[in-house]
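Peer 1: predicted model and sequence follow; I will ask about them next.
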Amino acid sequence: MEMLQNLAFGFEHALTIQNLAYCALGCVVGTVIGLLPGLGPLATISLLLPLTYSIPTDSALIMLAGIYYGAQYGDSVSAITMKIPHASSIVACIDGYQMTLKGKTGLALFTAGVSSFIGGTVAIVVLASLAPTLGQVGLLFGPADYCALMLLGFMCVSIVTTGSLVSGLAMCLIGVLLGQIGTDVETGVQRFTFNIHALIDGVSLVSVALGCFGIAEIAKNLDAREERTPFNGKIHLMPTWGEFKRIIPSALRGSAVGSLLGILPGGGPTIAQFAAYAVDKKVSKYRDEIGSGCIEGVAGQAAADEAAARTSFIPLMSLGIPENAVMALMMAAFIIKGVQPGPNMLSKHPDLFWGLVASMWIGNCFLLILNVPLVRFWLSVFKIPYNVLFPSILFFCCIGTYSVNNNLDDVIVTAAFGCLGYMFMRLSMDPAPLMLGFILGPMLEEYFRRAMILSRGSFEVFVTRPISATLIALMVLLVAGQLFFTVRGIRAGRRSDLEPAQPV
Amino acid sequence: MPNQHLARGILLAAIALAFGLGALRYNMGSLVHAGPGLFPLLLSGLLLVLALITIVQSRFLEAEPLDFNLKNIALIMLALGGFVIISEYVAMIFGIAFLVFVASLAGSSHSWKRSLQVTVALIVVAFIFQKFLGLHLRLI
């Protein structure tokens, strides 16, 4: 009952004309960037961060959240119609595109839209009921526990995004090191600034994000030189009753999987959709058809995708620790707006918390309208050639970084990170963990110092406190698991090298 | 072609050494009262370990060639650099024009007419930003 009351309270805040307008704006922008190649939610949120300075706190956060979950919807549209994979819609390319080849584009889009709606709704119920409880748990966390939690988050993100603990963790560490640039808060010493004026306050978050995700991505797309033909097929949206009935169970399964995986550290939409697809392949009544373009192959993953995008707000808002790079950026947005996400957020800013939760459901409705009846309109976005698009994106990157401090030097820093990001990309090093490390870095250092002061300089504190000991044990398991798979992989590789040498 | 895995390890090691040696210049303090240099030193030590693992691993993994296309990234860097210099010393609208025209050279096809259209459109957008969002752009 209390939850309903809280949600009603949230709707009161979310249903003002201003907040509705920003929510709609966020959803529209999110859908567009989800559709377009070369501009993900990370780059867009950091691009819009400086523009939200003049907007009230709740509206700004509602809009930024809308961009994030809106992009998940848009992603699946471009995946289904044109097989353009974004980071979060790789799975939608499998069955969704198969359905397009069969001429069932409309059905696939309808399925994805409705399942996303179901997934989002389920996730909001989970969010509203779980976040306050987890917030209580968050109060038990000491500095050492926070350190351990962040390190565990680094490891999980590394494994999930890059598949390799070593290279992902290395990127996290580079991020943390980049976060060290600037004035040390505790001693006032300038670190790694080389007496450059622009670096005294540290590297701005917007520079790192736009450099590594905006500019580097453009260079990569230009290297690929792919011209995409816009989708011109017919779209028949309304399904039959029999088809509609097939959507529901699969979408509900996907919602459950997505909600769960969204909460875990390192989780999020990408891993959730793979898991949901795998679950559907195991338990669905129509499992034999999955892979050749059937409803279940689209519904489950779309629901999981959307559910995970929302439940990933839970760790951020209850513990104050973001679990993936996009959430880290959201945390930065919260802090810029003067709100410290964490266990105290619910008691200090209940209007903001519940307003945001309620706005997610409103955004869900907007997105359903935007992506099902109006989908034809969005597909015309693809008629903009990339040669027009990319100079414009570069321009927005420049304006975005410039307006943080009204300083042109920041644009140079962004360009430098673009160069670095391109190098990372060419070396197949994923910049997402770097982003997480960069944002969490200063916090990690602060908690580490506090933990060391409290324990009088002894590392024992990490294993004697039950919470951090559990987290450390999980880390050891992860490392052991990774080691096992690496060694097995190398052995298998050697064996296959040897085989052809044997006489037949 | 250099091996991608090895190049990755070397890049990581270089970053670790750069930050680690830099950190040595700062006061270490003790674990109880950490100085400014301690935390970066710990981190770069860890990064160096990971770099060494990557280098060792590269001997076991199949080599993947490294391909760079210097032209596109160089053009983009030139466009951004020019934008900053022209905006600083002349005016931002010329900076925008430079940005669009130089960056367009990296595209799959480029026409002066289209670049001009994009430039005009972006300058209009910039004026809108200045007027309605209150951004402090020194356009002229």
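Peer 2: Thanks, I have the structure now.

Peer 1: B:Ala121: what's it in contact with?
Peer 2: Contacts for B:Ala121 (CB atoms under 8 Å, 6 or more residues apart in numbering or on different chains) come out as A:Ser392. Every residue, glycine included, has its C-beta placed from N, CA and C.

Peer 1: now name the helix or strand holding it.
Peer 2: Using DSSP states H and E, B:Ala121 sits in helix B:112-132.

Peer 1: for that helix, buried residues please.
Peer 2: Of the residues in helix B:112-132, B:Arg114, B:Ser115, B:Val118, B:Thr119, B:Leu122, B:Ile123, B:Ala126, B:Phe129, B:Gln130 count as buried by neighbour count, 16 or more other CB atoms under 10 Å in any protein chain shown.

Peer 1: then stretch A:371-380?
Peer 2: A:Asn371, A:Val372, A:Val375, A:Trp378, A:Leu379.

Peer 1: ends of it, what's the gap?
Peer 2: From its first residue to its last, stretch A:371-380 covers 13 Å (CA to CA, to the nearest Å).

Peer 1: so which residues on the stretch 351-500 of chain A come close to chain B?
Peer 2: Counting by CB under 8 Å from any CB of the partner chain, the stretch 351-500 of chain A comes close to chain B at A:386-388, A:390-392, A:394-395, A:398-399, A:402-403, A:406, A:408-409, A:411-412, A:414-415, A:418-419, A:422-423, A:426-429, A:445, A:448-449, A:452-453, A:456-458, A:486, A:490, A:493.

Peer 1: from these, which land in helices?
Peer 2: Mapping these onto helices (DSSP state H) picks out A:386-388, A:390-392, A:394-395, A:398-399, A:402-403, A:409, A:411-412, A:414-415, A:418-419, A:422-423, A:426, A:445, A:448-449, A:452-453, A:486, A:490, A:493.

Peer 1: what stretches of chain A score poorly on pLDDT?
Peer 2: A:1, A:37-38, A:85-89, A:225-234, A:493-504 (pLDDT under 70).

Peer 1: now the residue of chain B most remote from its centre: closest residue in space that isn't a chain neighbour?
Peer 2: Among the C-alpha atoms of chain B, the one most distant from their mean position (CA atoms, centre = their mean) is that of B:Val32, at 36.3 Å. The spatially closest residue to B:Val32, leaving aside those adjacent along the chain, is A:Gly457, at 4.0 Å (CB to CB, 6 or more residues apart in numbering or on different chains).

Peer 1: now the closest residue to A:Pro322 other than its chain neighbours: how far from A:Thr161?
Peer 2: Leaving aside its chain neighbours, A:Pro322 sits nearest to A:Ala328 (4.1 Å; criterion: CB to CB, 6+ apart). From A:Ala328 over to A:Thr161 the distance is 13 Å, taken as CB to CB, to the nearest Å.

Peer 1: can I get stretch A:40-48 as CSV, trimmed to CA atoms?
Peer 2: C-alpha atoms of stretch A:40-48 as CSV (Å, rounded to 0.1, in the frame of the first residue of the first chain):
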residue,chain,number,x,y,z
GLY,A,40,24.9,6.2,-28.3
PRO,A,41,23.3,7.1,-25.1
LEU,A,42,26.7,7.8,-23.5
ALA,A,43,27.7,10.5,-26.0
THR,A,44,24.2,12.0,-26.0
ILE,A,45,23.8,12.3,-22.3
SER,A,46,27.2,13.9,-22.0
LEU,A,47,26.4,16.2,-24.9
LEU,A,48,23.2,17.4,-23.2
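
Peer 1: what comes up buried for that stretch?
Peer 2: Neighbour-count burial for stretch A:40-48 flags A:Gly40, A:Pro41, A:Leu42, A:Ala43, A:Thr44, A:Ile45, A:Ser46, A:Leu47, A:Leu48 (criterion: 16+ other CB under 10 Å).

Peer 1: tell me the one among these nearest to A:Arg310.
Peer 2: Of all the buried residues of stretch A:40-48, A:Pro41 has the smallest distance to A:Arg310: 13.3 Å, by CB to CB.

Peer 1: on that earlier part again, which pair of the buried residues of stretch A:371-380 spans the longest distance?
Peer 2: The most widely separated members of the buried residues of stretch A:371-380, counting by CB to CB, are A:Val372 and A:Leu379 (12.8 Å).

Peer 1: residue contacts, the residue nearest to B:Val32?
Peer 2: With contact set as CB under 8 Å, 6+ apart, A:Gly457 has these partners: B:Ser30, B:Leu31, B:Val32.

Peer 1: so which of these belong to strands?
Peer 2: Among the contacts of A:Gly457, no member falls in strands (DSSP state E).

Peer 1: is it possible to export the residues you listed to JSON lines including pLDDT?
Peer 2: As requested, those are exported to JSON lines (pLDDT from 0 to 100):
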{"residue": "B:Ser30", "pLDDT": "81"}
{"residue": "B:Leu31", "pLDDT": "80"}
{"residue": "B:Val32", "pLDDT": "80"}
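
Peer 1: chain center to the strand or helix carrying A:Ile314: distance?
Peer 2: Using DSSP H and E, A:Ile314 sits within helix A:313-319. Its chain's C-alpha centre and that of helix A:313-319 lie 14 Å apart, by CA atoms, centre = their mean, to the nearest Å.

Peer 1: one more: stretch B:119-133?
Peer 2: Using CA atoms, centre = their mean, the offset of stretch B:119-133 from its chain centre is 26 Å.

Peer 1: I figured A:Ala299 was touching A:Ile247, is that so?
Peer 2: Yes: at 4.9 Å, A:Ala299 counts as touching A:Ile247 under the criterion of CB atoms under 8 Å.

Peer 1: those two: which has the busier surroundings?
Peer 2: Comparing A:Ala299 with A:Ile247 by other CB atoms under 10 Å in any protein chain shown, the one with more neighbours is A:Ala299, at 31 against 24.

Peer 1: residues in contact with A:Pro143?
Peer 2: A:Pro143 makes contact with A:Tyr447, A:Phe448, A:Arg450, A:Ala451, A:Leu454, according to CB under 8 Å, 6+ apart.

Peer 1: same thing but 7 Å
Peer 2: The neighbours of A:Pro143, taking CB atoms under 7 Å, 6 or more residues apart in numbering or on different chains as the test, are A:Tyr447, A:Arg450, A:Ala451, A:Leu454.

Peer 1: what parts of the stretch 101-250 of chain A come near chain B?
Peer 2: Counting by CB under 7 Å from any CB of the partner chain, the residues of the stretch 101-250 of chain A close to chain B are A:166-167, A:169-170, A:173-174, A:176-177, A:180, A:184, A:187, A:189, A:191-192, A:215, A:218-219, A:222-223, A:225, A:227.

Peer 1: just the ones of the residues you listed in strands?
Peer 2: In strands, defined here by DSSP E, the members of these are A:Arg191.

Peer 1: just the buried ones from the residues of the stretch 101-250 of chain A next to chain B?
Peer 2: Buried among those by 16+ other CB under 10 Å: A:166-167, A:169-170, A:173-174, A:176-177, A:180, A:184, A:187, A:191-192, A:215, A:218-219, A:222-223.

Peer 1: measure the residue farthest from the centre of chain B to A:Ala144 for me?
Peer 2: 14 Å.

Peer 1: ok, now A:Leu35?
Peer 2: For A:Leu35, the distance to A:Ala144 equals 44 Å [CB to CB].

Peer 1: before we move on, what about A:Gly291?
Peer 2: A:Gly291 sits 47 Å away from A:Ala144, going by CB to CB.

Peer 1: the stretch 251-400 of chain A: strands as residue ranges?
Peer 2: For the stretch 251-400 of chain A, strands defined by DSSP state E, counting those that start in this stretch do not occur.

Peer 1: let me see the contact set for A:His263.
Peer 2: Small correction: residue A:263 is Ile, not His. The neighbourhood of A:Ile263, defined by CB under 7 Å, 6+ apart, consists of A:Thr311, A:Ile314, A:Pro315.
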